[in-house]
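A.B. asks: Sequence first, then the predicted structure, then my questions.
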Amino acid sequence: MPNYDEVIQWIIPEVEYHQNRYSRGLAELVFSGCRWLDVGAGTQLHGGWIGPKPGDLAKRAGLLVGCDMVTEHLLQNALLTSATVADTTKLPFSENAFDLVTANMVLEHLEEPERAFSEIARVLAPGGRFVFVTPNRRNPVVWAASLILSKRARKRLAHFFERRDEEHIFHTFYRANSPHAIEELCESVPLRIQQIDTFNSYPFIRRPWPLTAVEALWIKAISRGPFRALTTNLFGVLEKNAEHR
């Protein structure tokens with residue numbers, strides 16, 4: 001029986017894993033000496049294996065602060081200069097404190113994205129950037145899960161299909177998970193969209209392999225043309241208005 005990686009190489013070898021796409025984006029935006037805040041920091045900066053390693057990115061920053069709601073995860077994140085337990089809707093930092101704010105698979109967990117975006121804009125310096133990768137709610141799999149399944153059921157399915165430990169599975173709301181939703185959020189805060197890319201990542205379903213293959217075939221079908229809006233993930237860069245202080 002083929003395993004997960006073999007199914008991907010067989011059907012969609014061209015697809016870029018979302019963590020590799022995120023790593024590639026960070027490589028272009030993390031500059032020497034920058035003041036960097038990673039919200040929902042968890043245990044690592046990214047999980048990619050292509051592009052700059054987390055340690056190489058961290059070395060570029062003059063300051064790398066992580067915030068998360070789980071103390072144990074922050075304690076495992078050895079690359080952080082400092083860390084604090086904090087909600088994204090209540091960041092304990094002064095205005096204009098950071099040149100870069102990042103969120104790796106965090107936006108889908110925001111219950112109050114308006115407040116979170118307002119706080120991120122507040123702590124960003126003028127001209128600073130907010131960089132994120134997140135699932136695309138317009139993808140039928142994500143959309144169906146968010147609409148039909150209860151939060152508890154989504155956690156159970158994520159544990160079964162994706163083989164993630166339950167301690168790393170959090171409630172999802174998908175309220176900031178489409179280009180249109182991002183546009184609307186930026187209307188009320190001093191952030192402007194510099195870039196939003198839709199792209200396909202690896203299948204959500206890791207087992208059994210026939211279901212992985214079905215999802216991989218679907219991913220291949222929506223990788224080009226008018227169906228690209230239905231891809232699995234979003235990578236975005238928002239910039240704080242330079243005149244806003």
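C.D. replies: Now that the structure is in, tell me what you want to look at. Numbering: from 1, shown residues only.
A.B. asks: where are the low-confidence patches of this structure?
C.D. replies: 147-170, 244-245 (pLDDT under 70).
A.B. asks: Could you pull out the strands in it for me?
C.D. replies: 35-39, 63-68, 82-85, 98-104, 124-135, 191-199, 233-240 (DSSP state E).
A.B. asks: what packs against the fourth one?
C.D. replies: Think strand 98-104. helix 18-29, strand 35-39, helix 113-123, strand 124-135 (3 or more Cβ pairs under 8 Å, 6 or more residues apart in numbering; DSSP states H and E). All C-beta atoms are positioned from the backbone trio N, CA, C, and that covers glycine.
A.B. asks: Give me the outermost residue of the chain relative to its centroid.
C.D. replies: Residue farthest from the centre of the chain, counting by Cα atoms, centre = their mean, is residue 1 at 31.8 Å.
A.B. asks: Spatially nearest residue to that residue, not counting backbone neighbours?
C.D. replies: Leaving out its chain neighbours, the residue that sits closest to residue 1 by Cβ to Cβ, 6 or more residues apart in numbering is residue 209, at 6.0 Å.
A.B. asks: thinking the one you found is in contact with residue 4, fair?
C.D. replies: Yes - taking contacts as Cβ atoms under 8 Å, residue 209 lies within contact range of residue 4: 7.0 Å.
A.B. asks: pretty sure residue 204 is touching residue 215, no?
C.D. replies: Yes - contact criterion Cβ under 8 Å: residue 204 and residue 215 qualify, at 6.7 Å.
A.B. asks: Overlap in contacts, these two.
C.D. replies: Each of residue 141 lies in contact with both residue 204 and residue 215 under the rule Cβ atoms under 8 Å, 6 or more residues apart in numbering.
A.B. asks: one step back: just name the most buried of the helices and strands packed on strand 98-104.
C.D. replies: strand 35-39 (a mean of 26; mean count of other Cβ atoms under 10 Å).
A.B. asks: And that strand, what does it pack against?
C.D. replies: By 3+ Cβ pairs under 8 Å, 6+ apart, strand 35-39 packs against strand 63-68, strand 98-104, helix 113-123.
A.B. asks: Out of the ones you listed, which is closest to residue 231?
C.D. replies: Closest to residue 231 of the helices and strands packed on strand 35-39 is strand 98-104 (Cβ to Cβ; 18.0 Å).
A.B. asks: neighbouring strands for the closest one, and are they parallel or not?
C.D. replies: In the sheet, strand 98-104 lines up against strand 35-39 (parallel), strand 124-135 (parallel) (DSSP bridges).
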